[in-house]
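The following block contains a protein sequence and its predicted model.
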Amino acid sequence: MFKSRLEKLRASLEIAGLDAVVLNPGPTLTYLTGIHFHLMERPVVLMLASAAEPALVLPELEMAKVKEIPYAVTAFPYGEDPAGWDAVFQRAAQRLGLDGKRIGVEPRQMRLLEFWRVRVGAPEADYLDASLTLGSLRLRKDPAEVEAMRSAVRLAQSALEDVLPKIKIGMSEKELAAELVMQLLQNGSEPEFPFAPIVSSGPNSANPHASPTDRSVQAGDLLLFDWGATADGYISDLTRTFAVGQVEPELMKIHKIVQEANAAGRAAAKPGATCASVDAAARAVIERAGYGQYFTHRTGHGIGMEAHEDPYIRGDNMQVLEAGMAFTVEPGIYLPGRNGVRIEDNIVISRDGADVLSDMSRDLAVVG
């Protein structure tokens, strides 16, 4: 599988007019090698050229991982003294003949720490944005990747189901977030979550990316959970909104609208549809109900090894959906200073429709 991915990358480089790519620790490096390296003060860089054997610059203490890579690579280890690191990067770049070539990088991932070292080895190279080339490798998930995401969804849903009976009025958002983290781990999630869980109540739920605070959950609040799990390196990203006791009629109304928008977005997701058309289907429901100005973000984003990747489900993205593409559908309505609602599901495009991986109830359940 990894050899096939490597060959696919090399073919993509030729199409993109690139001679090589350089990768530091992150999803793409793991996707191509199966190996996890941490971002740390010691740089790790994988150099992949169109024909030569890949070169891996890494600390000596990480050398055991080289044997786990499922194809031949030339390792360039270095010691603890940073004064000698540039020479090692120079040898690696010279081995692949990178100087003066067109080298692709991932701007969202590559740090200056690694980039400066690579540039020492290839100072006359052109460094170009390879986001599209590298992103396309991971865009269409194979059956094994889909099953990993399905597992991540199942773990996440089970974790929240275990949290719900524990919710009591007076608990803080931070307490609920801590309980959710514990349940995610106990249900089998890998400890590296896709993101820190969002738990927001009352006025805080009107902030789409709120962080848990010391605010106590109160009767009449909406309570929003945005959370995910990780399984075999793949993630889930879900949102459900609950009522804490009896809530005012308008809050029940906007929850119903968002529920319908979520269903419309899921129904619009199929091969041949565009990302824009899925966004439009969900957004139209909210706009017809008169709450369009309170739906302040795109309808979804791609998921896989990262919580945010291609394809992006927004109104100006005419990318055509194809089998294997995985993404969220997460419309919301946010009433500033009052409450907010979001309902988020995970979807994979199939040959003839869409496979909705998440099935936790989307109804407005009462907790607390």
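Cool, the structure landed. Residues are numbered from 1 along each chain as shown.

What is the subsequent helix or strand relative to the helix or strand hosting Thr28?
Take DSSP states H and E as the rule and Thr28 turns out to sit in helix 27-33. Using DSSP H and E, the helix or strand that follows helix 27-33 in sequence is strand 45-49.

and stretch 38-53, which residues are buried?
Under the neighbour-count criterion of 16 or more other CB atoms under 10 Å, stretch 38-53 has 42-50 buried. (Glycine included, C-beta is placed from N, CA and C.)

Stretch 149-164 now?
149-160, 162-163.

any idea of the mean pLDDT for that stretch?
Stretch 149-164 comes out with an average pLDDT of 98.

how far is it from where the chain is centred?
Offset of stretch 149-164 from its chain centre (CA atoms, centre = their mean, to the nearest Å): 17 Å.

What's the separation between Glu161 and Leu61?
According to CB to CB, to the nearest Å, Glu161 stands 41 Å off from Leu61.

Please apply the same query to Val320.
Separation of Val320 from Leu61 (CB to CB): 46 Å.

And the pLDDT for the residue nearest to the spatial centre of the chain?
For the chain, Ala307 is the residue whose C-alpha lies nearest the centre (CA atoms, centre = their mean; 1.4 Å). If you check Ala307, the pLDDT there is 95.

Check the burial of the nearest residue to it once chain neighbours are set aside by counting its neighbours.
In space, and not counting its chain neighbours, Ala307 is closest to Pro194: 4.0 Å by CB to CB, 6 or more residues apart in numbering. Residues near Pro194, counting by other CB atoms under 10 Å, number 22.

Specify the residue ranges that define each domain of this protein.
By the record's domain assignment, the chain is partitioned as 2-138, 140-367 (automatic domain parsing).

Can you tell me the element Pro25 falls in?
Pro25 belongs to no helix or strand, assigned by DSSP H and E.

Please apply the same query to Glu179.
Going by DSSP H and E, Glu179 is part of helix 173-186.

helices and strands around that helix, which ones?
helix 143-163, strand 198-201, strand 222-227 (3 or more CB pairs under 8 Å, 6 or more residues apart in numbering; DSSP states H and E).

For Gly26, list the residues it contacts.
39, 106, 109 (CB atoms under 8 Å, 6 or more residues apart in numbering).

Distance of it relative to Pro107?
From Gly26 to Pro107 the distance is 12 Å (CB to CB).

hey, where'd the helices end up in the stretch 201-350 of the chain?
249-268, 275-288 (DSSP state H, counting those that start in this stretch).

Likewise for the stretch 1-150 of the chain?
2-16, 27-33, 85-96, 112-121, 131-139, 143-163.

Okay, the closest residue to Ser131 other than its chain neighbours and Thr28: tell me how far apart.
Spatial nearest neighbour of Ser131, excluding adjacent residues (CB to CB, 6+ apart): Glu106 at 6.0 Å. Glu106 sits 6 Å away from Thr28, going by CB to CB.

ok, those two, which is more surrounded?
Counted by other CB under 10 Å, Glu106 and Thr28 do not tie: Thr28 has more neighbours, with 23 against 20.

Do you know the pLDDT at the closest residue to the more buried one other than its chain neighbours?
Of all residues not flanking Thr28 in the chain, Leu134 sits nearest, at 5.2 Å (CB to CB, 6+ apart). On the pLDDT scale, Leu134 is placed at 94.

Check the gap between Leu134 and Gly245 for me.
Relative to Gly245, and taking CB to CB, Leu134 is found at 48 Å.

picking up where we left off before, now the residue nearest to the centre of the chain. Its backbone dihedrals?
Per-residue torsions, Ala307: phi -80, psi -20 (degrees, to the nearest 10).

show me the contacts for it.
Per CB under 8 Å, 6+ apart, neighbours of Ala307: 194-195, 228, 235, 237, 301.

cool, and Asp363?
Gln259.

pretty sure it is in a helix, no?
No - going by DSSP: H, G, I helix; E, B strand; the rest coil, the assignment for Asp363 is coil, not a helix.

how far away is it from Ile343?
Distance from Asp363 to Ile343, by CB to CB: 10 Å.

same check, this time on Ser200
14 Å.

So which of those two has more stuff around it?
Ser200 (29 against 25).

ok, now which ones touch the residue nearest to that one when sequence neighbours are not counted?
Closest residue in space to Ser200, ignoring its immediate chain neighbours: Ala210 at 3.9 Å, by CB to CB, 6+ apart. Residues in contact with Ala210 (CB under 8 Å, 6+ apart) are 198, 200, 204, 224.

Dump those residues to CSV, plus pLDDT and distance to Arg314.
CSV is the format used below for these (pLDDT from 0 to 100; distance: CB to CB, whole Å):
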residue, pLDDT, distance to Arg314
Ile198, 98, 20
Ser200, 98, 23
Asn204, 98, 25
Leu224, 98, 21
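
Any chance of the residues you listed in TSV with distance to Arg102 as columns?
Converted to TSV, those look like this (distance: CB to CB, whole Å):
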residue	distance to Arg102
Ile198	41
Ser200	45
Asn204	47
Leu224	46
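
And those residues, which two are furthest apart?
Ile198 and Asn204 (9.4 Å; CB to CB).

returning to that earlier point: look up phi and psi at the residue nearest to Ser200.
Dihedral angles (degrees, to the nearest 10) for Ala210: phi -70, psi 150.

begin at 40 from here
Done: numbering now begins at 40, and the last item shifts to Ala249.
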